[in-house]
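> got a sequence here, can you build the structure:
(chains A and B)
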Amino acid sequence: MTDRPTILLPIRVLEGESIPEGVPELLATAHVVLLGYHVVPEQTATDQARLQFEERATNRMDQFEEMLTDAGATVERRLVFTHEAQATIDRTIYEHDCLAVLVPQATGPPDDVLVAVRGTVGVDRLVRLVSGLFADTDTSLTLFHVLDESESEADARTLLDGIADRLDANGFDADRLDVRVADSAGPMNAIVDVANEFDAVVMGESDPSVVTFVFGMRSEQVADQFLGPVLVIQRARPDAESESNETAASGSGSRE
Amino acid sequence: MTSGRGSTQGVGENVSGESPEQEPDLVSDTVTVHEDVELERTIGLAGGLAIGIGTMIGAGIFVFPGLAAGNAGPAAALSFAIGGTIALLVALPASELATAMPRSGGGYFFVSRSMGTSYGAVVGLGLWLGLVFAAAFYLVGLGHYAAAVLAEVGIVLSVSPIIPLGLLFGVGLTALSILGTENTASLQNAVVAILLVVLTLFLTYGGLDALGLFGREAVPEALFPRGYLPVLSTAALVFTSYLGFAQVATVAGDIKQPGRNLPLAMVGSVLVVTVFYVATIFVATSAFGAAHLATLGETAMVEVAREFLGLPGAIAILFAGLLATFSSANASILSASRTVYALSRDALLPRRASEINLQYGTPHIALLAAGGPILVLVATGQVSVLAEVASFLHLIMYGLICVAVVLLRRRNPPWYDPSYRMPGVPALPVVGAIASFGLVVFMQPAAIVIGVVVIVVGYLWYRYYAGTVELKGDF
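Numbering: from 1, shown residues only, chains lettered A, B, ... in the order given. Next comes the predicted model:
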């Protein structure tokens, strides 16, 4: 049994947004941080909205929590009234040290998942997330990399095979694993094109220079164009000291 | 109707059987926690400064120079300096209280929690109406500037368009707040940035000119043409220019790192605007001489800019004046609505008053409770009375804020743990209280009478509506 990866599931709790079909199954082996948030316009005090809507929001959260726990996930919940959704999401990712954020969209049972790999950076977290979510399921994975100008196809194969080996070592059945390399002008378009064959997409955050952590440019565009759920892997937060030690420990352990 | 709640709740109930809401369990740098619900703090230091400066920078520079120079001559600059000093003396204790109680409601919250419900009710209702008077004053100023724009482009109307334009903007602003304006905060930041740039350029040029650098003859003029008393009465009049720093505290519940950002935003915005005001009056009076300036009325600054920089200068100041009076009025309407919410949370006004509109997410009743009376006041068109009533009501609250700090320091209740402690207690807050109450004396009788009536009515309302409500500072 692998560790449950911590995944943030943000839901606009009072605007009719619900947990879409297939998402509880996708997160069945995860530790879900269920973030119900309600964005209040600036002329309204957040507390004012709380007074009026707390009960309704709490009822919705109860339903959502039940959907997730029924599927097998463990759930921690937060209910936040905010003026800025992004600030709230960022803070929650940080406080719970979330490995990934799910952009929730409807999906079938997650049979095929596309894992977009950018490079060697963040591979540890990718392996932790993917093996944690899918090692003990029947889901098949496709590791996908889009070549940039300086890379040869052989480089990409080496990268993806390396990841495949580590997933194998983490208990992920090699038969359910596929690797795929594309040579394309735009990685974003390539991912969107390929994604339509899959039930869900796992991908990394955009460049660190972009301040928007969660729905940062590229993952946002993919989420906009791909109809299924997108899991966005988060970079390690700077002072998450204990967490990175843990990664190193589990990483070296699995390489035996 | 009262049910067993946490021990930190205020007690008693109002005529409708409503009790004060419970205080939060935890207040941190980023969030306020009520049991398992969190309230995100989203306004940073820049946002706080923008609220303070954006509210203040309208009146003092764009409406008062003509009026103030007419009253006090070139010494009007001194009147502004006195106003700024008093504002600073209040901003320090207000900062200390705000870091101990970073909750929405501003001065009302501090006074009610430290001095009891009756003082709180008087101050809270006074603050709401004070903001209403201030907003009406800003809107009349906005009407003057909008009318000057019409005059500049050559539209001549048979009746003065000032009041109708003020009313129009008043309706527009209230509607805008109710229908939900996105990004009002970033808009406010941008407006403040533009204003500061325009004013800095203008004051730099005008200041150099006034000092005789461009070879113009400076007009030698008596500093105190009418003696010393008008300096104080003018300080009382123009004190409306300094009401904005307290507005920062009305959104204290939304400020990130309140322990650091609230004092910096309040004290910083007072210092910034004081410098701008004093410099502006100095430049304006040296451009024309106080007597001539006084004849130019509420839009005197436009003529000052025209004198220095020709038509482009006049247009720049017209534009800045529109922005500034607009943002002051907007900020005051929003603060007034926050105050209504704080009062209704504490059962001093009906709970319904803070109800939120489902479609837009905005407190439509509280906003109408601000916008409605504002329109009535705008219709009077009485610039100086409106300004002085607003000042009067705020000054009473400011005096009590100073007293509150002295009281809390002496009693030192267990919950009182401000992360910023003002220097010079008790001397400075005592001076601040005396100065605040003292300035009231120099106002015109009409303003004092209206202000006292508001306070008496506020007290009677409290006795009738919420006589048994007790608000605790314990949280």
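> and the closest residue to B:Phe239 other than its chain neighbours, what does it touch?
Counting by C-beta to C-beta, 6 or more residues apart in numbering or on different chains, B:Phe239 lies nearest to B:Ser391, which is 4.2 Å off, once chain neighbours are set aside. C-beta coordinates here come from the backbone N, C-alpha and C atoms, glycine included. By C-beta atoms under 8 Å, 6 or more residues apart in numbering or on different chains, B:Ser391 lies in contact with B:Ala236, B:Leu237, B:Phe239, B:Thr240, B:Leu243, B:Leu439, B:Met443, B:Ala447.
> report the buried residues of stretch B:154-163.
Judged by neighbour count (16 or more other C-beta atoms under 10 Å in any protein chain shown), stretch B:154-163 contains these buried residues: B:Pro161, B:Ile162, B:Ile163.
> the last one sits in which helix or strand?
Which is B:Ile163. helix B:162-179 (DSSP states H and E).
> got any ranges where chain B has weak pLDDT?
For chain B, applying pLDDT under 70 flags the ranges B:1-10, B:180-185, B:212-223, B:472-475.
> close to chain A: what parts of it are there?
Within chain B, the positions adjacent to chain A are B:21, B:30-32, B:34, B:36-40, B:42-43, B:104, B:177, B:180-185, B:251, B:253-254, B:334, B:337-338, B:341, B:345, B:354-356, B:360-363, B:367 by C-beta under 8 Å from any C-beta of the partner chain.
> may I have the phi/psi pair for the residue of the stretch 1-150 of chain B found nearest chain A?
Relative to chain A, the nearest point of the stretch 1-150 of chain B is B:Glu40 (3.5 Å; C-beta to the nearest C-beta). As for B:Glu40, its main-chain torsions (degrees, to the nearest 10) stand at phi -80, psi 140.
> related to what we said a few turns ago, quick one: buried ones out of the residues of chain B next to chain A?
Buried among the residues of chain B next to chain A by 16+ other C-beta under 10 Å: B:21, B:30-32, B:34, B:37-40, B:42-43, B:104, B:177, B:180-181, B:184-185, B:251, B:253-254, B:334, B:337-338, B:341, B:345, B:354-356, B:360-363, B:367.
> so which of those residues are in strands?
Counted as lying in strands by DSSP state E, out of these, are B:Val31, B:Thr32, B:His34, B:Val37, B:Glu38, B:Leu39, B:Glu40.
> find the nearest non-adjacent residue to the first one, please.
Distance criterion C-beta to C-beta, 6+ apart; nearest residue to B:Val31, sequence neighbours excluded, is B:Glu38 at 4.9 Å.
> cool, the fourth one as well?
Of all residues beyond its chain neighbours, the one nearest B:Val37 is A:Leu79 (4.9 Å), with distances taken as C-beta to C-beta, 6+ apart.
> now the angle between helix B:162-179 and the longest helix along chain B, please.
Taking DSSP state H as the assignment, the helix of chain B that covers the most residues is helix B:300-345. Helix B:300-345 runs at 40 degrees relative to helix B:162-179, counting by axes from the mean of the first three to the mean of the last three C-alpha atoms, to 10 degrees.
> and helix B:300-345, how far from the chain's centre?
12 Å (C-alpha atoms, centre = their mean, to the nearest Å).
> what's the answer for stretch B:199-209, then?
When distances are taken as C-alpha atoms, centre = their mean, stretch B:199-209 is centred 26 Å away from the chain's centroid.
> one more: stretch B:155-171?
24 Å.
> now tell me what touches it from outside.
By C-beta under 8 Å, 6+ apart, stretch B:155-171 touches B:135-136, B:139-140, B:142-144, B:146-147, B:150, B:326, B:329, B:371, B:374-375, B:378-379, B:381.
> just the buried ones among those, please.
B:135-136, B:139-140, B:142-144, B:146-147, B:326, B:329, B:371, B:374-375, B:378, B:381.
> what about the most far-flung residue of chain A relative to its centre? Give its phi and psi, please.
Ranking residues of chain A by C-alpha distance from their mean position (C-alpha atoms, centre = their mean) puts A:Gln43 at the top, at 33.1 Å. Main-chain torsions, A:Gln43, degrees, to the nearest 10: phi -80, psi 0.
> how about the contacts made by A:Thr88?
A:Thr88 is in contact with A:Leu35, A:Tyr37, A:Val80, A:Thr82, B:Glu40, counting by C-beta under 8 Å, 6+ apart.
> brain fart, A:Thr6
By C-beta under 8 Å, 6+ apart, the neighbours of A:Thr6 are A:Ala30, A:His31, A:Val32, A:Val33, A:His96, A:Asp97, A:Cys98, A:Leu99.
> what bridges to it?
On the basis of DSSP bridges, A:Thr6 is bridged to A:His31.
> quick one: it from A:Ala236, how far?
To A:Ala236, A:Thr6 is 13 Å away according to C-beta to C-beta, to the nearest Å.
> same check on B:Gly12?
52 Å.
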